[in-house]
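Asks: Quick one, structure for this:
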Amino acid sequence: MIGTQTKNYKNMFKKLFKRKTELEKLHEQHAMLLEKAFKVSKVNRTLSDELMAQAYAIEEKILKEANK
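Replies: Numbering: from 1, shown residues only. Predicted coordinates:
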């Protein structure tokens, strides 16, 4: 029981102090834009298309970073 608690604390501190990489930040931003575009698509198609274009630009950045 004590061993599992120690592992949980170690994992918690790793997650707490771990910095996000540029690739992780881009993935989060991409997901956020896709979610916004989906929600807005029901009301404003033009804005949704703009958000999708932004998400596509970030997707290209992700592919460039991944291929480095």
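Asks: which residue is nearest the centroid of the protein?
Replies: E28 (1.2 Å; C-alpha atoms, centre = their mean).
Asks: Could you find the closest non-adjacent residue to it?
Replies: Excluding the flanking residues, the one nearest E28 by C-beta to C-beta, 6 or more residues apart in numbering is K20, at 7.8 Å. Where you see a C-beta, it was placed from the backbone N, CA and C, and this is true even at glycine.
Asks: gap between that neighbour and L47?
Replies: According to C-beta to C-beta, to the nearest Å, K20 stands 28 Å off from L47.
Asks: which of these two has more neighbours?
Replies: Set side by side, K20 and L47 show more neighbours around L47, with 13 against 10, by other C-beta atoms under 10 Å.
Asks: Need the per-residue pLDDT for that one.
Replies: Model confidence at L47, expressed as pLDDT, equals 96.
Asks: contacting residues for it?
Replies: By C-beta atoms under 8 Å, 6 or more residues apart in numbering, the contact list for L47 reads V40.
Asks: which parts of the helix or strand that contains it are buried?
Replies: Assigned by DSSP states H and E, L47 belongs to helix 45-66. Using 16 or more other C-beta atoms under 10 Å as the test for burial, helix 45-66 gives 48, 51-52, 54-55, 58, 62.
Asks: coming back round to it: assign the residue nearest to E28 to helix, strand or coil.
Replies: On the three-state scheme (DSSP: H, G, I helix; E, B strand; the rest coil), K20 is labelled coil.
Asks: how close does it sit to L26?
Replies: As judged by C-beta to C-beta, K20 and L26 stand 10 Å apart.
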